[in-house]
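Engineer: Following is a predicted model, sequence given first.
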Amino acid sequence: MKLKVDENLCIGCGACEAVCKQCFRINDEEGVAEVIVKEIPKELEKSAIDAKEGCPAQAIIEVNDKKEN
Ligand code: SF4
């Protein structure tokens, strides 16, 4: 699973970082959150999804880049 933060929606509340600091970090320069892992590790998926669902701005978006081959 891949996630990204829409910086236009993020209000920089820090909730996602509080829920899953292994996956999200507030970028101090920009004041918005960013996803710090390329792919969410299996063992962190549950807390990453909790963070996604708990985001008050719905700024955390799942990236679907599955390629068919
Ligand atoms: Fe931004 Fe949502 Fe994280 Fe708050 S919970 S910092 S609004 S991405």
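Structural biologist: Looks like it came in fine. Residues are numbered from 1 along each chain as shown.

Engineer: quick one: K4 is in a strand?
Structural biologist: Yes. Read with DSSP: H, G, I helix; E, B strand; the rest coil, K4 is one of the residues of a strand.

Engineer: what about E7, how many neighbours?
Structural biologist: 14 (other Cβ atoms under 10 Å). To be clear about C-beta, it is placed using only N, CA and C from the backbone, and glycine gets the same treatment.

Engineer: Would you mind naming the residues that bridge with the residue nearest to it when sequence neighbours are not counted?
Structural biologist: Leaving aside its chain neighbours, E7 sits nearest to V32 (4.5 Å; criterion: Cβ to Cβ, 6 or more residues apart in numbering). On the basis of DSSP bridges, V32 is bridged to N27.

Engineer: show me the residues around V32 that make contact.
Structural biologist: Neighbouring residues of V32 by Cβ atoms under 8 Å, 6 or more residues apart in numbering: 5, 7, 10-12, 26, 59.

Engineer: what does Q22 give?
Structural biologist: 36-37, 41, 44, 47.

Engineer: How about I40?
Structural biologist: 1-3, 23, 48.

Engineer: List only buried entries from those residues.
Structural biologist: Using 16 or more other Cβ atoms under 10 Å as the burial test, the contacts of I40 include 3, 23, 48 as buried.

Engineer: show me where pLDDT drops low in the chain?
Structural biologist: 66-69 (pLDDT under 70).

Engineer: In the helix ranked longest in the chain, which residues are buried?
Structural biologist: Ranked by residue count, the top helix of the chain under DSSP state H comes out as helix 45-54. Neighbour-count burial for helix 45-54 flags 47-49, 51-52 (criterion: 16+ other Cβ under 10 Å).

Engineer: Noted, bye for now.
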